[in-house]
Every structure is written in structure tokens, then in C-alpha cells.
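**Q** could you work out the structure for the sequence below:
(one chain, ligands or ions: 1)
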Amino acid sequence: MGTLDELYRAIVDLDEERALELARRAISQDQTTPLLMLSTCQQALRMVGERYERGKYFLTALVLAGELFKEVLELMPGIHESAMHGPTQGKVLLGTVQADIHNIGKDVFGTALRSYGFEVIDLGVDVPKERFLDEVRRSRPDVVCLSGLILAAFESMKSTTRLIRAHDKELAYRPPVVIGGGTVDGQICSYVGADSWSTDAMEGVRICQELLKAKTD
Ligand code: B12
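**A** Predicted coordinates:
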């Protein structure tokens, strides 16, 4: 088995020590390129996601895999840049809304989006609505994804969505808004005025894919 195959297996098995050792080996022996490494990690993460969907892995596995993914990629200078220059499925603007500092799920979701080829602009946590609007103007994302878990976040999601909707004309397009985080549901989605919602990173990826498909159809 090649080193990259072994790396794939180690990530799928969430064996951090072995994955990092194999990644270092692949790099030092010149057995990989940034894109090959990225694609190995992406495939491994997809498998972890599938296991999670099938109920074979729990949420902690997604968190661990997300962290592991970042750690492996960080061993490889320039990999983030090459990821960005690769073919992209679309651009997603992501952030945890104002008043909320939960970032674990947002980061897992961001990693899942990247592993499926999306370019992700992550504004971080506690992001004011005006910052979202400014970034929509600047980057013209295909989808705006708002993350949040606490009650105050739902108000921020609503005011952020309203602000973006109020500027559809000026923007000359209507970026769909998707909300997510373990505590959102359909009722909150209606309250916020968002286009869709999810409490699951893999489902969130599928929603973004569908929104993009609807745009190009
Ligand atoms: C860990 C945690 C914290 C950590 C956060 C650490 C960090 N760096 O993020 C700390 C300790 C800081 C924290 C603080 C607080 N917390 Co807290 N916290 C949690 C806890 C236990 C887990 C959250 C988590 O990380 N889950 C794991 C991730 C992977 O899951 P996830 O976020 O749901 O994300 C998944 C999906 O939702 C999806 N996803 C995420 N974002 C998005 C976005 C989009 C667009 C899509 C499509 C999908 C998507 O992808 C992820 C993978 O599938 C939850 C319990 C719970 N039920 O969620 C409480 C919880 C969210 N916290 C809660 C509270 C009350 C607080 C505090 C107010 C406590 C306090 N009194 O200070 C503060 C808030 C501070 C603030 N201003 O934000 C409440 C919120 C209740 C409510 N509705 O208001 C919860 C629900 C606990 C509870 N049952 O009471 N918390």
C-alpha cells in the first residue's frame, strides 16, 4: 500500500498520530504534491462523513476529522493556495453570526464544504451583519451560510438576512441564505427568512450543491 493510501486509511480511522507521521513521510520522500495530498484528505473526509451519515461515527468523529484535516494540510506549505486555484464548485460565504462565539460546527461545515470543492470565505465568529453585507459586495458568493447555536444568534441571523435581502437590487443578484447549527429548525428558518437550513454538515453541503445547480439550470 502506498503512503497516501495508508494516510487515507489513518484519517478514516481517525488515527491522528499515524496520519501525521504518514503525511510527514509522504512529504519528506517527495511522494506527493499539494493537490494529491489535498485530494487524499478530501476523500478520507468524505468517507468519515459517510460513516457519520450511516450512524457508524458520531459527531466527535467529524470534529476530530476536521481538526486532523487541518493539521495534515498545515504540514504542507502552499496547500491552501493550491486548493484555491483548483477547480471550484462555487463560492460560499460563511460565518457565525453576531453575539455567538460557537465555532466548532462552523469549522467542521467549512471543512466539509472545502472537501467537496467549494471555495469558502470564513468570516469567523461574532460577525456583524454589516460585515456579511460588505463581503457579499466584495466577493459575490453563490451562497451565504450563517452559523449559530444560541437564542441571540437567531435574531442576528434574521437581521443579517434582512439586510442582505434589502440590498438585492443594489447587488444585482439574490444570494441564497442558508442557516445552520445544532439548535436551528424549520421554524427558526421561517422566522429568519432564510432559504434553507440544516443541523448537519453533510446535508449542508448537499443544500449548497442543489442551490448552485438551481442557479445554473
Ligand atoms: C461546546 C459548546 C460551547 C463552547 C463553544 C466552544 C467553541 N469554540 O465553539 C463554549 C463553552 C464556549 C460555549 C459557550 C456558550 N454556550 Co454553548 N454549547 C456547546 C455545546 C455543548 C456543543 C456545541 C458544538 O460545538 N457542537 C458540535 C458541533 C460539531 O455541532 P454543531 O455546532 O451543531 O455543528 C454541526 C451542524 O449544526 C452543522 N453546522 C454548523 N454550522 C452550520 C452552518 C450552516 C449554514 C449549515 C448548513 C450547517 C452548519 O455542521 C456541524 C457538523 O454537522 C452546545 C450543545 C449543543 N446541543 O449543541 C452548547 C449550547 C449551544 N450552548 C449553549 C449556551 C447557552 C452557551 C452559553 C450562552 C453559555 C453561557 N451561559 O455562557 C455560551 C454562549 C457564548 C456565546 N456568546 O456564544 C446552549 C444554547 C441554547 C440556546 N438555544 O440558547 C447549548 C445548546 C447548550 C444547552 N443545551 O443549553 N458553548
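**Q** only C-alpha atoms for contact and neighbour calcs from this point on.
**A** Fine.
**Q** and the helix of greatest length in the chain, anywhere near the ligand?
**A** Identified as the longest helix of the chain according to DSSP state H is helix 34-53. No: residues of helix 34-53 are not located near the ligand by C-alpha under 6 Å from any ligand atom, the shortest gap being 9.0 Å.
**Q** which strands and helices lie in contact with that helix?
**A** Other helices and strands packing on helix 34-53, by 3 or more C-alpha pairs under 8 Å, 6 or more residues apart in numbering; DSSP states H and E, are helix 3-12, helix 59-74, helix 79-85, helix 104-115.
**Q** the same query, at a cut-off of 7 Å, please.
**A** helix 3-12, helix 59-74, helix 79-85 (3 or more C-alpha pairs under 7 Å, 6 or more residues apart in numbering; DSSP states H and E).
**Q** ok and it relative to helix 3-12, angle-wise?
**A** Helix 34-53 runs at 30 degrees relative to helix 3-12, counting by axes from the mean of the first three to the mean of the last three C-alpha atoms, to 10 degrees.
**Q** what residues of helix 34-53 count as buried?
**A** By neighbour count, and taking 16 or more other C-alpha atoms under 10 Å as the criterion, the buried residues in helix 34-53 are 34-35, 37-49, 51-53.
**Q** ok, of the helices and strands packed on helix 34-53, where does mean pLDDT dip lowest?
**A** For the helices and strands packed on helix 34-53, mean pLDDT drops lowest on helix 79-85, to a mean of 49.
**Q** the next helix or strand after it and the ligand, any residue contact?
**A** Along the chain past helix 79-85, the next helix or strand (assigned with DSSP states H and E) turns out to be strand 90-96. No: Strand 90-96 is not in contact with the ligand by C-alpha under 6 Å from any ligand atom; minimum separation 7.2 Å.
**Q** how about residues contacting strand 90-96?
**A** 103, 106, 118-127, 141-148 (C-alpha atoms under 7 Å, 6 or more residues apart in numbering).
**Q** also stretch 9-19?
**A** By C-alpha under 7 Å, 6+ apart, the list of residues contacting stretch 9-19 from outside reads 7, 44-45, 47-48, 65, 68.
**Q** ok, 8 Å please
**A** Residues outside stretch 9-19 that contact it (C-alpha atoms under 8 Å, 6 or more residues apart in numbering) are 7-8, 41, 44-45, 47-48, 61, 64-65, 68-69, 72.
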